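Novice: Give me the fold of what follows.
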Amino acid sequence: MLKKIVIAGSAAAVVLGAGTAALAASGSSPSPSASSSAAAKAPGKAGKAAHAKRDVLRRALHATWVTRDGKGSTSFVTHDAIRGSVTAVSATSITVKAADNVSQTYAVTSTTKVHSRADGKGKAGSISEVKTGDKVLVAGTGTSDLTATRVLDATKK
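Specialist: This next block holds a predicted model:
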């Protein structure tokens, strides 16, 4: 599901030109072909462009983007994400401050998914494991009242 959010956020940022998303897709890009044909070089060029876009997204601190609420839907969903340090956390909310001093508070619900990094690997967790000062990425929905859908605690514990 996190990959779907990453893909949606990346596509929205690129298509709408509304800024950058705080989510980044991981993986390597294809390398250019040794062949001199234009058709063989095209995937390499596309791969380099995609890699450059991912690099920009990896540096993103926070973003807001809008998607349709499902295929063929006429309604929309506003997504929001921030990467930074936890300044406050409880069973019902989390506040994150980005490097540029932007601070956002998200409601935490029973449907909020929390993941943490342990030994370099992600594992399911709970909001009670997230502590003040932890480095996190929070993705959610809403406009003025934000609700966290995902919390990724990147602090190795």
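Novice: Show me the domain layout of this structure.
Specialist: Domain assignment of the chain by automatic domain parsing yields the ranges 2-61, 63-153.
Novice: mean pLDDT lowest for which of those domains?
Specialist: Taking each of the domains of the chain in turn, the one with the lowest mean pLDDT is domain 2-61, at a mean of 50.
Novice: List the neighbouring strands of the top strand by length along the chain plus their orientation.
Specialist: For the chain, the longest strand by residue count, based on DSSP state E, is strand 76-89. On the basis of DSSP bridges, the sheet neighbours of strand 76-89 come out as strand 62-68 (antiparallel), strand 93-97 (antiparallel), strand 135-141 (antiparallel).
Novice: I figured Asp145 hits Tyr106, correct?
Specialist: No: here Asp145 does not reach Tyr106: they are 9.1 Å apart, not a contact under Cβ atoms under 8 Å. To be clear about C-beta, it is placed using only N, CA and C from the backbone, and glycine gets the same treatment.
Novice: ok, back up a step: in CSV: the strands paired with strand 76-89, plus distance to Val114 and mean neighbour count.
Specialist: What follows is the strands paired with strand 76-89, written out as CSV (distance: least, Cβ to Cβ, whole Å; neighbours: other Cβ atoms under 10 Å):
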stretch, distance to Val114, mean neighbour count
strand 62-68, 19, 18
strand 93-97, 9, 21
strand 135-141, 9, 22
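Novice: Can you lay out these as TSV showing distance to Ser126?
Specialist: Conversion of these to TSV gives the following (distance: least, Cβ to Cβ, whole Å):
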stretch	distance to Ser126
strand 62-68	24
strand 93-97	12
strand 135-141	14
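Novice: Could you point out which of those sits nearest Ile127?
Specialist: With Cβ to Cβ, the closest approach to Ile127 among the strands paired with strand 76-89 belongs to strand 93-97: 7.0 Å.
Novice: Toward the C-terminus, what is the element adjacent to the closest one?
Specialist: Proceeding N to C from strand 93-97, the next assigned helix or strand is strand 103-107, under DSSP states H and E.
Novice: Thank you kindly, that will do.
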